[in-house]
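[1] Sharing a model prediction with you, sequence too.
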Amino acid sequence: MTGFTLSDLEKTIAERARSGDPDSWTAKLFSKGIDKAAQKLGEEAVETVIAAVRGDTKGVVSESADLLYHWLVVLGIAGVKLDDVLTELERRTGRSGLAEKASRKD
Ligand SMILES: N=c1c2ncn([C@@H]3O[C@H](COP(=O)(O)OP(=O)(O)OP(=O)(O)O)[C@@H](O)[C@H]3O)c2ncn1[C@@H]1O[C@H](COP(=O)(O)O)[C@@H](O)[C@H]1O
């Protein structure tokens, strides 16, 4: 299994956004703003759905990578940290830090 994480990609995206490099797709999306980034996110979501419905396994992998990258760009522009989303997901499992603390008190 790869050691590469969404957190690694989030850091790369933040660095590239700050770079202002004209060759950087990330910097371009950040300069265009939330409308363009959100549009790309929607397109990649639809392309992922189409690949899945067609049973195109390689397509699902490739489009999911596009989707997650553009999702992190949208999070970055929206000022939301990946960790905030993971914390919300953890809360839904009922195993969040607060739940654990509360259960230790019992
Ligand atoms: N993971 C990605 C990634 N996935 C997709 N893309 C880019 O997303 C863009 C849009 O994808 P599309 O399939 O829609 O391509 P398109 O049809 O040409 O796009 P449009 O016509 O809609 O403009 C392409 O230019 C892809 O290269 C990505 N660009 C960057 N990354 C990561 O971000 C890092 C920094 O990239 P730069 O900011 O470009 O330096 C890279 O090293 C990667 O780790």
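    Ah, there it is.
[2] what about Arg18, how many residues close to it?
    Around Arg18 there are 12 other residues, counting by other C-beta atoms under 10 Å. From N, CA and C alone the C-beta is placed, and that goes for glycine too.
[3] Sorry, slip of the keys, the one I care about is Thr2.
    Applying other C-beta under 10 Å, we find 5 residues neighbouring Thr2.
[4] So what does it look like in phi/psi?
    For Thr2, the backbone dihedrals (degrees, to the nearest 10) come out as phi -70, psi 150.
[5] next one: Pro22
    Backbone torsions of Pro22, given as degrees, to the nearest 10, read phi -60, psi -20.
[6] Quick check: closest non-adjacent residue to it.
    Of all residues not flanking Pro22 in the chain, Lys28 sits nearest, at 7.9 Å (C-beta to C-beta, 6 or more residues apart in numbering).
[7] Chain neighbours aside, what residue packs nearest to Val60?
    Using C-beta to C-beta, 6+ apart and skipping residues adjacent in sequence, the residue nearest Val60 is Ala51, 4.6 Å away.
[8] Assign that neighbour to helix, strand or coil.
    Three-state call for Ala51 (DSSP: H, G, I helix; E, B strand; the rest coil): helix.
[9] residues touching it, list them.
    With contacts defined as C-beta atoms under 8 Å, 6 or more residues apart in numbering, Ala51 is in contact with Gly59, Val60, Ser62, Glu63.
[10] Reformat those residues as JSON lines; add distance to the ligand, secondary structure and pLDDT.
    JSON lines is the format used below for the contacts of Ala51 (distance: C-beta to the nearest ligand atom, whole Å; DSSP: H, G, I helix; E, B strand; the rest coil; pLDDT from 0 to 100):
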{"residue": "Gly59", "distance to the ligand": "12", "secondary structure": "helix", "pLDDT": "98"}
{"residue": "Val60", "distance to the ligand": "15", "secondary structure": "helix", "pLDDT": "98"}
{"residue": "Ser62", "distance to the ligand": "9", "secondary structure": "helix", "pLDDT": "98"}
{"residue": "Glu63", "distance to the ligand": "9", "secondary structure": "helix", "pLDDT": "98"}
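[11] Noted, bye for now.
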